[in-house]
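1. Sequence unavailable; structure follows:
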């Protein structure tokens, strides 16, 4: 739960910092595809991922780690015979909750995009490829505010609520 909540807060921080112009994720130079994967090992330093994308990837890594931990806890509990009856819901929440947050943080902001109602100056822009969507400098912030933050806080609330119910 704490990893997913941290992911939501990191996403908001990164989106906010990008929106005010203090940082922007790297983009490939003109003519490059951005794919510099090594064709035949051993690979040199140029094939390593750029650390400048770490702030964007960090929420995904944190939530992925939470999902893997939740699935591991679920599998161990089932193997021990503890995942039956009323104890199954918290285990499923731990295993599936981070995956829902991960997918939802990428899908929900585009489904609930305020730009679908029309172009909002400073927030939305119109492109040939995507139509009206978040402007590049606030795109991450849109994902953070509409997707990551509410979903991670909701997951944390559900997890704490389940813990309180189980303790009764």
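-> Right, received. Where do you want to start? Note that the coordinates shown come from a computational prediction; the quantities given were computed from them, not determined experimentally. Numbers count the residues shown, from 1 in each chain.

2. residues contacting the closest residue to residue 73 other than its chain neighbours?
-> Ranked by Cβ to Cβ, 6 or more residues apart in numbering and with sequence neighbours excluded, the top spatial neighbour of residue 73 is residue 94, at 5.6 Å. C-beta coordinates here come from the backbone N, C-alpha and C atoms, glycine included. For residue 94, the contact set (Cβ atoms under 8 Å, 6 or more residues apart in numbering) comprises 1, 69, 70, 73, 74, 159.

3. One more pass at 7 Å, please.
-> Contacts for residue 94 were tallied using Cβ atoms under 7 Å, 6 or more residues apart in numbering; they are 70, 73, 74.

4. Please identify the buried residues of the strand or helix carrying residue 160?
-> Assessed by DSSP states H and E, residue 160 sits inside helix 149-167. Residues of helix 149-167 classed as buried by neighbour count (16 or more other Cβ atoms under 10 Å): 149, 150, 151, 152, 154, 155, 156, 159, 162.

5. Residue 132 belongs to a helix?
-> No - secondary structure of residue 132, determined by DSSP: H, G, I helix; E, B strand; the rest coil: strand, with no helix assignment.

6. Need the nearest residue in space to it, chain neighbours excluded.
-> The shortest distance from residue 132 to any non-neighbouring residue, by Cβ to Cβ, 6+ apart, is to residue 115 (4.6 Å).

7. Give me the neighbour count for that neighbour.
-> Burial of residue 115 is recorded as 19 neighbouring residues (other Cβ atoms under 10 Å).

8. Residue 147 and residue 73, how far apart?
-> To residue 73, residue 147 is 25 Å away according to Cβ to Cβ, to the nearest Å.

9. the more surrounded of these two?
-> Taking other Cβ under 10 Å, residue 147 and residue 73 do not tie; residue 147 has more neighbours (25 against 15).

10. can you confirm residue 119 is in a helix?
-> No - secondary structure of residue 119 (three-state DSSP): coil, not part of a helix.

11. Check what pLDDT residue 98 gets.
-> Listed pLDDT for residue 98 reads 90.
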